[in-house]
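# Fold the following for me, if possible:
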Amino acid sequence: MLYPGSFIDIAEQSGLIVPIGGWILEAACRQLNLWQHYNRELTMHVNVSARQFFSGNLFEQVWGLLNRYQIKPKSLILEITETELMEDIRFATNLCHELSELGVGLAIDDFGTGYSSMRYLKQFPISKLKIDRSFISDLSVSKESREIVSAIIAMAKALNLSLTAEGVETKEQELFLSEQECHQAQGFLYSPALREAEFNKFLEDSVVQKLEDALEETLHLSM
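Numbering: from 1, shown residues only. Predicted coordinates for the structure are as follows:
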């Protein structure tokens, strides 16, 4: 098992990140199609590297995959960092709008660590911001991190953007984010990363639980 940190830099430098990213994107769409049989509301986030984003054929690739696997609109969300978006504002803006017209969401990953301008950021058809884990990890000890996170949440509300906090590991972090009305959170507090088979089991169990709850509710109403 190789984790991304051990090969992403080499893949970026060699240019292999583009074919690797294409393979990952197709595998994700194929899997999303299968998983949506269990849960139609399921969404899939896929990280896209700067090289892949600016390769010139991302739109055609995404268009082909959406049609091949019949992905539900807005259920595929591409993640790219704010710094990467700033590499070519005009190209990025046009591509983001084209992808949005296909029904693909765009999430800004590691938000708060880049150098984006609010003037440029509002140009993109962004559907979600993801607060970088570095701000979440020290919420309990850093007043500055709490203020930054609160400001990001307030900005997301003002722009009507969905918001996810990354790297949530403690109940204290969760409580703060809940009080600030952050929409979503991810991290080890909820679950470690799951392999495909483990997530399949999770989805199957959730379907069974929903059926049992519905049956119990039906029986209750009929009594």
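# End to end on stretch 52-61, go ahead and measure it.
Chord length of stretch 52-61, first to last residue, is 11 Å (Cα to Cα, to the nearest Å).
# Kindly apply the preceding question to stretch 162-176 instead.
Terminal residues of stretch 162-176 lie 17 Å apart, using Cα to Cα.
# Quick check: buried residues in it?
Across stretch 162-176, burial judged by 16 or more other Cβ atoms under 10 Å covers Ser162, Leu163, Thr164, Ala165, Glu166, Gly167, Val168, Gln173, Glu174, Phe176. For every residue, glycine as well, the C-beta is placed using N, CA and C.
# can you redo those as JSON lines with secondary structure and pLDDT?
Shown next, in JSON lines, are these (DSSP: H, G, I helix; E, B strand; the rest coil; pLDDT from 0 to 100):
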{"residue": "Ser162", "secondary structure": "strand", "pLDDT": "92"}
{"residue": "Leu163", "secondary structure": "strand", "pLDDT": "93"}
{"residue": "Thr164", "secondary structure": "strand", "pLDDT": "95"}
{"residue": "Ala165", "secondary structure": "strand", "pLDDT": "95"}
{"residue": "Glu166", "secondary structure": "coil", "pLDDT": "94"}
{"residue": "Gly167", "secondary structure": "coil", "pLDDT": "94"}
{"residue": "Val168", "secondary structure": "coil", "pLDDT": "96"}
{"residue": "Gln173", "secondary structure": "helix", "pLDDT": "95"}
{"residue": "Glu174", "secondary structure": "helix", "pLDDT": "96"}
{"residue": "Phe176", "secondary structure": "helix", "pLDDT": "95"}
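# now, among these, which is nearest to Ile152?
The nearest member of those to Ile152, counting by Cβ to Cβ, is Leu163 at 7.4 Å.
# and the closest one, what is it in contact with?
By Cβ atoms under 8 Å, 6 or more residues apart in numbering, the contact set of Leu163 is Lys128, Leu129, Lys130, Ile131, Ile152, Ile153, Ala156, Cys182, His183, Gln184.
# who wins for neighbours among those residues?
Compared across the contacts of Leu163, Ile131 has the highest neighbour count, 28 neighbours, by other Cβ atoms under 10 Å.
# quick one: that residue and Ala165 touch, right?
Yes. Here Ile131 reaches Ala165: they are 4.8 Å apart, a contact under Cβ atoms under 8 Å.
# Noted, bye for now.
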